[in-house]
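# okay, structure incoming, though there's no sequence with it:
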DNA sequence: CATATACGATACTCTTGAGTTTCGGATCTT
DNA sequence: AAGATCCGAAACTCAAGAGTATCGTATATG
């Protein structure tokens, strides 16, 4: 259990004899598992649901993964690839500009889907630390890391004080978005995110209402 | 379903004839349900577990609640009474003093227990809005409301600007504590909470590092 | 003491879902 | 075309848990 690295993706064993091809269906199956997981939660989700969603046979899933638990661990771990791409971050010259540039409808939808998956796993996180780390690494940490990089760059260019608690501040937006989506069940819009930037983050890094290039 | 008010607590019907007493066991049973819920989550929890924990028979639970779902709805709704008492809030004269005065080991333990209960319910909140509202009202909103009152008083005494987004700021501590407990699974200590107060909340309300009575 | 009621324990039914097996058909290799 | 292998569908086994029913007991009333 709790094997989180993904040793096989494509081209797993040596293709010996006449068979169609290797586990090419894996991506569809894992995507189907994530969809069902987001919709019904881990306990509500059944293997038959995943198989039907992927238009695959239940036996196919069990030929590939030993159990339901391993399947979802694999599915969550594989999320690190899919979803939003945080490898090329905006660089507008100001921290506020960078943070605002991160607000995109696609990014919001991606966050909401990831949070639904997280909600489906939540009750297991306390009992399986490995799954908790994997879920965090795949679902939340990418966004947190992006925030951290933007703030670190702002420190390096002398825009904000080096005394800021970057590790703390980079968690604020993700945690507030999670609260709003999962608990309050309100939509996340750019107005909410701008409020966080201007009402919380900018003051916290020492850039008060008059210390930046806002036009409002 | 989703009947959230609690019409009976003690003295429910007219005691007609010779029976021991009415549903005096209700509090123990509901407390047991909350314990099991926090430990195993809604789906992992069984009626037998709750009955055993409360040293009651399974039939007793079904004589009192029609289903497992109704039992936990009742249990969550009844949490509004128990737990920390936010009716008498500190009044130290300064917002920072009030916020710091709210930090107590007992309050932290209470929050962590409530968050475990929340985690156990999380996957159902998307499918049952009534349960989501009840869980929020019982588990998180009391603390949020307390924060809001403290900030509102700071506005009224002229300590902070009336332009602060109090409804937003009062969510920061709860959401960050939830993130830390449920996702990062790190302990909540006073150092973390002080960091939030001094590194996030105070700057956001316009009380920078030199504008308050801190001695550090 | 007699009676009625609520309780705890336990045995029971019934549904659901995890995991297994079987089988016919499709596809790739040779 | 022949053979080997993988796949999807569906029938199957098995365990667990929700909810029900029964029974002996304890207790309060009268």
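Received the coordinates, thanks. Since the model is a prediction, treat every value here as computed from it, not as a measurement.
# all helices for chain A, in order.
Residue ranges of the helices in chain A, as given by DSSP state H, are A:26-44, A:47-53, A:58-64, A:68-78, A:95-101, A:105-125, A:129-135, A:141-156, A:166-169, A:172-178, A:190-196, A:202-204.
# for residue B:157, which of those is the nearest?
With C-beta to C-beta as the measure, helix A:202-204 is the member of the helices of chain A nearest residue B:157 (20.4 Å). Glycine gets a C-beta too; all of them are placed from N, C-alpha and C.
# does that closest one reach chain B?
Yes: Helix A:202-204 is in contact with chain B by C-beta under 8 Å from any C-beta of the partner chain, via A:203, A:204.
# now the spatially closest residue to residue A:145 that is not a sequence neighbour: how far from DNA strand C?
Spatial nearest neighbour of residue A:145, chain neighbours left out: residue A:86 (7.0 Å); criterion: C-beta to C-beta, 6 or more residues apart in numbering or on different chains. For residue A:86, the distance to DNA strand C equals 33 Å [C-beta to the nearest atom of the strand, to the nearest Å].
# over to residue A:144?
Distance of residue A:144 to DNA strand C, given as C-beta to the nearest atom of the strand: 31 Å.
# how many residues are close by that residue?
Counted with other C-beta atoms under 10 Å in any protein chain shown, the neighbours of residue A:144 add up to 20.
# surely it is in contact with residue A:170?
Yes: shown here, residue A:144 and residue A:170 form a contact pair, counting by C-beta atoms under 8 Å, at 5.1 Å.
# correct me, but the residue nearest to residue A:145 touches residue A:142?
Yes: contact status for residue A:86 versus residue A:142: in contact at 5.0 Å, counting by C-beta under 8 Å.
# of those two, which one has the most company?
When residue A:86 and residue A:142 are compared for neighbours, residue A:142 comes out ahead with 21 against 16, by other C-beta under 10 Å.
# could you list the domains of chain A?
Chain A is divided into the following domains under automatic domain parsing: A:1-78, A:95-204.
# ends of stretch A:82-100, how far apart?
23 Å (C-alpha to C-alpha, to the nearest Å).
# swap that for stretch A:36-50, sorry
6 Å.
# neighbouring contacts of that stretch?
Stretch A:36-50 is contacted from outside by A:29, A:32-33, A:53, A:58, A:61-62, A:68, A:71-72, A:75, A:113, A:116-117, A:119-121, A:123-124, B:41-44, B:123-124, using C-beta atoms under 8 Å, 6 or more residues apart in numbering or on different chains.
# what about chain A, any weak spots by pLDDT?
By pLDDT under 70, the low-scoring segments of chain A are A:1-22, A:210-216.
# so for it, the centremost residue is which one?
What sits nearest the mean C-alpha location of chain A, by C-alpha atoms, centre = their mean, is residue A:139, with 2.5 Å.
# tell me who's in contact with the closest residue to DNA strand D within chain A.
Of all residues in chain A, the one sitting closest to DNA strand D is residue A:57 (2.9 Å; C-beta to the nearest atom of the strand). Shown in contact with residue A:57 (C-beta under 8 Å, 6+ apart): residue A:51.
# any idea how far DNA strand C is from it?
Residue A:57 is 7 Å from DNA strand C, by C-beta to the nearest atom of the strand.
# also residue A:103?
38 Å.
# how about residue A:33?
Counting by C-beta to the nearest atom of the strand - residue A:33 and DNA strand C are separated by 11 Å.
# quick one, what contacts that residue?
Here residue A:33 is in contact with A:45, A:50, A:54, A:71, A:72, A:75 (criterion: C-beta under 8 Å, 6+ apart).
# and the closest residue to the third one other than its chain neighbours, how far is that from chain B?
Closest residue to residue A:54 in three dimensions, ignoring its sequence neighbours and counting by C-beta to C-beta, 6+ apart: residue A:32, at 3.8 Å. For residue A:32, the distance to chain B equals 18 Å [C-beta to the nearest C-beta, to the nearest Å].
# and for residue A:71?
Applying C-beta to the nearest C-beta, the value for residue A:71 to chain B is 17 Å.
# hang on, that residue packs against residue A:60?
No: using C-beta under 8 Å, residue A:71 makes no contact with residue A:60, being 11.4 Å away.
# now for these two: what residues contact both?
Common neighbours of residue A:71 and residue A:60 (C-beta under 8 Å, 6+ apart) are residue A:29.
# the two: which is more packed in?
A direct count of neighbours by other C-beta under 10 Å for residue A:71 and residue A:60 places residue A:71 higher, at 21 against 14.
# can you pull the contacts of that one?
A:29, A:30, A:33, A:47, A:50, A:61, A:65.
# same thing with residue A:117?
A:34, A:37, A:38, A:76, A:79, A:135, A:139.
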